[in-house]
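1. Here is a sequence together with a model predicted from it:
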Amino acid sequence: MDFKSKIKDLEKKLDALIVAHFYQRDEIVELASFSGDSLELAKKASSTREKLVVFCGVSFMGQSVKILAPQKRVIMPRLACCSMARMIDSSYFDISLKKLNSLGISNDEIFPMTYINSNADVKAKVGKMGGIICTSSNAAKIFDYALGLNKKIFFMPDRCLGVNLAKLNNKKYSILGQSSDSEIKDSEIICYDGFCSVHQLFSVEDIEFYRNKFSDIIIALHPECDPKVVELADFVGSTSQIINFVTNLDENAKVAIGTEFNLVNRLTKKNGNKENIFVLSSSKPECPTMNETTLEDLYNVMKAYSDDMPYNEIEVDSESIKYAASALNKMLELS
Ligand code: 13P
Ligand code: SF4
């Protein structure tokens, strides 16, 4: 029996739900019972009837399920990390706040907002301060809410998403570690200096290249791209939103997409391999950790669970769950 049927048998036997992010390999996405962007995955996997969730994605995504539904067990074929999420932890959070305090900005004046691409300890710090979480699909809406509080928004870890949101709302922004003290004091949005190495690959030159080649090309991007690139785009959205946007375009429309390779390649295949969907980069924009998960990994982790020898199980301490859940639930109420 091949891995696919063995995995499906185990899914039934364990009464599990296998979910996959769009950046996973095709064979994983095809086999999963549900795929989606990070918000859809968190909602679906935490509200499903099944007590066991097998999450094919990166660790912060599995943690989101555990935070929202601590009674569930969540295992991952690989404890793959998101490099952006790894750029901040609770001690860097504290150091950043101290830096702001040293500039005369008190904690009462700060509203912390973290992108969902962060670990549970950071989400808990944010929740403890009354802050909120956002994802790429609801960032604009959550940011609107945050702006209404009339505090300085400390946005982490993605400086690109933070700057993109600030620019969209004509707000003064600064970047910790890059901007001067006076710029930080003067800004309404203070961004942590994290970024996604995959989405940094897309450049203004890439857009110019495609626009010179095809005057009618449409540029669709993920909001983790550099602000200079985002400024030139026709559409900016989450992975699901990009898929919907491209799927609903006229069949002859040409589009260059600035997000991870597996997702774009799948859209090209779905479109009959017609040469009108392009990867907006000369080098392959692969998320290395997302790409690691294989069918064999998926089978092995489920088999071990079934043999009562679980590994790669997501654990989040109860204190972190409490505070991270308050920030996540606040987001869910608003989105
Ligand atoms: P989405 O929430 O849009 O799926 O994005 C997750 C991610 O990690 C993008 O790099
Ligand atoms: Fe993280 Fe970037 Fe990979 Fe998304 S593409 S999971 S932000 S490293």
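-> Cool, got the structure. Ligands and ions are numbered 1, 2, ... in the order given.
2. now the helices: where do they sit in the stretch 151-300 of the chain?
-> For the stretch 151-300 of the chain, applying DSSP state H, counting those that start in this stretch gives helices covering 159-168, 181-186, 204-213, 227-230, 239-247, 261-270, 295-306.
3. Which one of those lies nearest to ligand 2?
-> For ligand 2, the closest of the helices of the stretch 151-300 of the chain is helix 239-247, at 8.8 Å, according to C-beta to the nearest ligand atom. Quick note: C-beta positions are derived from backbone N, CA and C, even for glycine.
4. in the closest one, what counts as buried?
-> Within helix 239-247, the residues scored as buried using 16 or more other C-beta atoms under 10 Å are Thr239, Ser240, Gln241, Ile242, Ile243, Phe245, Val246.
5. Please give me every residue in contact with the first one.
-> The contact partners of Thr239, taken as C-beta atoms under 8 Å, 6 or more residues apart in numbering, are His21, Phe22, Tyr23, Asp37, Ser38, Ser136, His222, Thr259, Glu260, Leu263.
6. The fifth one touches Cys134, doesn't it?
-> Spelled out, it's Ser38. No - at 10.4 Å, Ser38 does not count as touching Cys134 under the criterion of C-beta atoms under 8 Å.
7. Between the two, which contacts overlap?
-> With contacts taken as C-beta under 8 Å, 6+ apart, the residues that reach both Ser38 and Cys134 are Ile116.
8. Without its sequence neighbours, what residue ends up closest to Asp216?
-> Lys254 (6.3 Å; C-beta to C-beta, 6 or more residues apart in numbering).
9. how close does that neighbour sit to Val246?
-> Here Lys254 is placed at a distance of 11 Å from Val246 (C-beta to C-beta, to the nearest Å).
10. Pull up the overlap in contacts between those two.
-> Here Lys254 and Val246 have Ile277 as joint contacts, going by C-beta under 8 Å, 6+ apart.
11. if you average pLDDT over stretch 34-44, what comes out?
-> Stretch 34-44 shows a mean pLDDT of 97.
12. Let's have the helices of the stretch 151-300 of the chain in JSON lines, adding mean pLDDT and distance to ligand 2.
-> Below are the helices of the stretch 151-300 of the chain laid out as JSON lines (pLDDT from 0 to 100; distance: least, C-beta to the nearest ligand atom, whole Å):
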{"stretch": "helix 159-168", "mean pLDDT": "98", "distance to ligand 2": "10"}
{"stretch": "helix 181-186", "mean pLDDT": "98", "distance to ligand 2": "25"}
{"stretch": "helix 204-213", "mean pLDDT": "97", "distance to ligand 2": "17"}
{"stretch": "helix 227-230", "mean pLDDT": "98", "distance to ligand 2": "15"}
{"stretch": "helix 239-247", "mean pLDDT": "97", "distance to ligand 2": "9"}
{"stretch": "helix 261-270", "mean pLDDT": "94", "distance to ligand 2": "10"}
{"stretch": "helix 295-306", "mean pLDDT": "98", "distance to ligand 2": "17"}
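13. can the ones you listed go into JSON lines with extra columns for distance to ligand 1?
-> As requested, these are exported to JSON lines (distance: least, C-beta to the nearest ligand atom, whole Å):
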{"stretch": "helix 159-168", "distance to ligand 1": "10"}
{"stretch": "helix 181-186", "distance to ligand 1": "27"}
{"stretch": "helix 204-213", "distance to ligand 1": "17"}
{"stretch": "helix 227-230", "distance to ligand 1": "14"}
{"stretch": "helix 239-247", "distance to ligand 1": "4"}
{"stretch": "helix 261-270", "distance to ligand 1": "9"}
{"stretch": "helix 295-306", "distance to ligand 1": "19"}
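14. re the thing from before, tell me the pLDDT of the residue nearest to Asp216.
-> Lys254 carries a pLDDT value of 95.
15. Also Met1?
-> So, for Met1, pLDDT stands at 64.
16. Which helix or strand contains the spatially most central residue of the chain?
-> Most central in the chain under C-alpha atoms, centre = their mean is Asn117, positioned 4.8 Å from the mean C-alpha point. For Asn117, there is no host helix or strand (DSSP states H and E).
17. residue contacts, it?
-> Ser38, Phe60, Cys82, Met84, Ala85, Pro157, Asp158, Cys196.
18. Repeat the analysis, applying 6 Å as the threshold.
-> Asn117 is in contact with Phe60, Cys82, Met84, Ala85, counting by C-beta atoms under 6 Å, 6 or more residues apart in numbering.
19. picking that back up, in this structure the residue nearest to Asp216 contacts Ile217, no?
-> Yes - Lys254 sits in contact with Ile217 when judged by C-beta atoms under 6 Å, with a separation of 4.7 Å.
20. shared neighbours of those two, anything?
-> With C-beta under 6 Å, 6+ apart as the test, Lys254 and Ile217 reach no residue in common.
21. So what's the residue count around Ala20?
-> Residues lying near Ala20 (other C-beta atoms under 10 Å) number 27.
22. Got phi/psi on it?
-> Torsion angles at Ala20 (phi, psi; degrees, to the nearest 10) stand at phi -140, psi 140.
23. do you know how far it is from Met113?
-> Distance from Ala20 to Met113, by C-beta to C-beta: 27 Å.
24. show me what contacts Phe235?
-> Phe235 neighbours (C-beta under 6 Å, 6+ apart): Ala220, Phe245.
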